[in-house]
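**Q** What follows is a predicted protein model with its sequence.
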Amino acid sequence: MSQNYPSCVVDPLGTVAALFDAATGTSEPDGDGDWGVSAVFEEALAVPGVLETVRRGTIPEINNIGVDAVRQGTLVRFRCMVQDMYNPEFYVGAYKDETTLGRWKTTKYTEEVEPVLGRGSSREQKIWERRILYCVPIPGESVWLRRLDSKRDSVYPWKTCATSICAKRPRGENVVPCDEAEQKLGTCAHFATTLISESKLKSLHTRSIDTADVEQAKRSTDGETLKAVLNLPLGNVSDVNSIGQLPASTPCIVKMYGGDCKLKLNDVVELVGVLSIVPGLSSEPERADAEGAFTTKSSNNAVTFQPMMDFMEEERARNPPTSLVPRFHAIIFRSTSTHEFVSRAGLYPIAACEALCLMRKSELFARRAKVRAALIDHLSAPLGNDATAAEYVLYALLSRVHVRTDAIPIGKFSVTLLGVPVDNEPGNSGDGGMTVARALAAAIADIAPAVAYLQLTLGSLNSRQWVPKKDYGTDRLRSGPLQLASGTCLILDETRLSTGKLGDIGVRNVNALKEFIEMQEVEYDFEYHQMKLPVDVPTIVVSTVPTKSVVAETDSKVPLQMSVKPRVSPIVAPELLKEMREFVAAARLSNHTISRESSEYIEREMVAAQQREGNDKAKEKDLHRWLTMTRLTALSMGETDMNAEHWKKVLECERAVSKRTCRACDDC
């Protein structure tokens, strides 16, 4: 690494230690301070010359290169979602003994355990506090977005966690560069969801690590699968395809420092800090047992575990071995969204970044006609060239909740695609047998940063709870498929839903889906009480039923009208595909305006619609939907000003859908 880089980029923990020494000297630390760490790292990350080198891996994202490729003590990033929030942790933040030659040493941003275990009778310690989060890779993150991270980095500004030395060993996994053909193969593999098995656990340990770590891993998974240990909302998704593979995504237990951390459950966050994998850490409870801290012996020398055993099992569940779930010590962070990863380029200061984004957005919107046409063609292919249905799918992709009024989410848009043929295999022989719903999900994953595909069957609804539930036995929040990051597009596949009986869990899941789609809320189950959390996840339901969704009421229902057999979306030229992705991200993040003239025109049209259709048909709900669709029409055309033409376009689409619905009802 070049010697021109700031020292904090080259040696972050050494920089922290130097700043601590400069602030304290030989005197006793005056509490848990910052010591200028935040200013130093912010200043370094604001230097364009340094940050441009991210493309060559100066500050890599851990799941892009694989956690075992991270070198000891280097500065890295972690792009993730907050899945669970633990109680604060007390740790030895600074100590002094004979080994430090009378000077205080800090263990901040490390997983150092020696001061805790003791190294001298004259040791002095300072106990500080840090916040603990369980963070997972963004559920349903598209493969191309992960690939994109190897070409450029994310964005400034960063927040500081406020204010050293990790052990690490290599893991061998190949990272194969992206290929144009990956557009199809990668997304197909993305939706071939496979939960990691116990045999995978063995493969994870085919490397030279501490024996105690392996034994601890076995104990951590005794009685529960590795899936439960990792606690990923959508399970483990296979990113492997015939071209190559990405490193397996890894969750982390994140240690946050300082009081300026306002992160919440399901927040998307990007962290900069130091990754820590310490085999010795997992054997610490065993050492405690050996010292008799948590056990007693009977007269025949048999070891009897006291109630402390329950505490230890809880600790093992919450703190699995670092070989499975590494620890990430965050130095700086920023809350963000999945779409911002697409639309913003480079770790630049915020003013420069906004200028670049606005310039790129103007360029994209100048080419809006071509890009929009390409998006409709891309989305209509799995729908049998039904351009009208593709319009509604595009509306859903661009929708977002921009305000809540009396708990009503304003701006959301969901759609049900009705009448999918029962024999709904796309006609492309190279698609691997993907259904229309899967082919549509793959097409959306080509252009959206995060997509969750969930197949609804009696088995999937009855087998497990879909909403997160608190497990008080392990003191962990057990994830469910509906714990998704804002901006994720949810595809619900009803085409395999058959007649049968729903059990208690199934009924709860259906009710949760209804509330999720209609109110954009998820009710978390804390056993003794329920807590509703807002979400912003546009939903597309695919159903064989001709008139309505079996599970939930969506904002719009569009009977499919196919002119050709459904097929997998064809490969798009790389440059055009890039523009399509950036257009979707920029449009979704854009705000809309409406002139007084346009507002008055739309108001007159809404009143006329009520008078023309009668109160039974033109209800307030319909008018609200039309207004939302008008905004989305403007955004889909690369415009932020709503006008009369957008309103007319919406009514034209609604009339076409209404005719289809009438025909579908007549055929029933």
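**A** That came in fine, so what should we check first?

**Q** Please make it C-alpha for all contacts and neighbour counts, starting now.
**A** Noted.

**Q** elements contacting the helix or strand harbouring Q610?
**A** Element membership for Q610, per DSSP states H and E: helix 596-613. Of the remaining helices and strands, those touching helix 596-613 by 3 or more C-alpha pairs under 8 Å, 6 or more residues apart in numbering; DSSP states H and E are helix 644-667.

**Q** change it to 6 Å
**A** Contacts defined by 3 or more C-alpha pairs under 6 Å, 6 or more residues apart in numbering; DSSP states H and E place helix 596-613 against no helix or strand at all.

**Q** buried sites along it?
**A** Residues of helix 596-613 classed as buried by neighbour count (16 or more other C-alpha atoms under 10 Å): S598, I602, E605, M606, A609, Q610.

**Q** Please name the nearest non-neighbouring residue to the fourth one.
**A** Yep, that's M606 we're talking about. Nearest residue to M606 in three dimensions, chain neighbours excluded: L623, at 6.7 Å (C-alpha to C-alpha, 6 or more residues apart in numbering).

**Q** Counting neighbours, what do you get for that neighbour?
**A** Look at L623: counted by other C-alpha atoms under 10 Å, it has 17 neighbours.

**Q** mind checking the SS state of it?
**A** helix (DSSP: H, G, I helix; E, B strand; the rest coil).

**Q** now it: how far from T630?
**A** Remark: distance between L623 and T630 (C-alpha to C-alpha, to the nearest Å) = 10 Å.

**Q** ok, now R77?
**A** 39 Å.

**Q** do N462 as well
**A** Per C-alpha to C-alpha, N462 is found 39 Å from T630.

**Q** Of the two, which one has the most company?
**A** Ranked by neighbour count (other C-alpha under 10 Å), N462 and T630 place T630 first, with 24 against 19.

**Q** in what helix or strand does the more buried one lie?
**A** Using DSSP H and E, T630 maps to helix 620-636.

**Q** Check which helices and strands that helix sits against.
**A** Secondary-structure packing of helix 620-636 (3+ C-alpha pairs under 6 Å, 6+ apart): helix 644-667.

**Q** I'd like to check the angle between the helix it packs on and helix 596-613, please.
**A** Taking axes from the mean of the first three to the mean of the last three C-alpha atoms, to 10 degrees, one finds helix 644-667 and helix 596-613 inclined to each other by 20 degrees.

**Q** For the residue nearest to the spatial centre of the chain, what are phi and psi?
**A** Nearest to the mean C-alpha position of the chain, by C-alpha atoms, centre = their mean, lies I138 at 2.1 Å. Main-chain dihedrals, I138, degrees, to the nearest 10: phi -60, psi 120.

**Q** pretty sure it is touching M81, no?
**A** Yes. Counting by C-alpha atoms under 6 Å, M81 is a contact partner of I138 at 5.3 Å.

**Q** Quick one: find the helix or strand in this structure with the lowest mean pLDDT.
**A** Lowest mean confidence among the helices and strands of the chain (mean pLDDT, DSSP states H and E): helix 198-204, at a mean of 36.

**Q** Please give me every residue in contact with V535.
**A** Residues in contact with V535 (C-alpha atoms under 6 Å, 6 or more residues apart in numbering) are Q520, E521.

**Q** ok, now with 7 Å
**A** Neighbour list for V535: S486, Q520, E521 [criterion: C-alpha atoms under 7 Å, 6 or more residues apart in numbering].

**Q** How about the first one, nearest residue that isn't a chain neighbour?
**A** Of all residues beyond its chain neighbours, the one nearest S486 is D536 (4.8 Å), with distances taken as C-alpha to C-alpha, 6+ apart.

**Q** show me the contacts for that neighbour.
**A** R400, V401, S486, G487, Q520 are the contacts of D536 under C-alpha under 7 Å, 6+ apart.

**Q** So the third one versus L533, what's the distance?
**A** What that stands for is S486. According to C-alpha to C-alpha, S486 and L533 sit 12 Å apart.

**Q** Likewise for the fourth one?
**A** Separation of G487 from L533 (C-alpha to C-alpha): 15 Å.

**Q** go on, the last one?
**A** Noted for Q520: a distance of 9 Å to L533, by C-alpha to C-alpha.

**Q** now the second one
**A** Summarising the geometry, the distance separating V401 from L533, computed by C-alpha to C-alpha, is 14 Å.

**Q** and the two? which has more neighbours close in?
**A** Using other C-alpha under 10 Å as the criterion, V401 and L533 rank with V401 on top: 19 against 13.

**Q** Neighbours of the closest residue to the more buried one other than its chain neighbours, how many?
**A** Excluding the flanking residues, the one nearest V401 by C-alpha to C-alpha, 6+ apart is G411, at 4.6 Å. As a burial measure, G411 scores 20 neighbours (other C-alpha under 10 Å).

**Q** Using the three-state scheme, assign F90.
**A** strand.

**Q** can I assume it is in contact with W128?
**A** Yes. In this structure, F90 is within contact of W128 by C-alpha atoms under 7 Å, at 5.6 Å.
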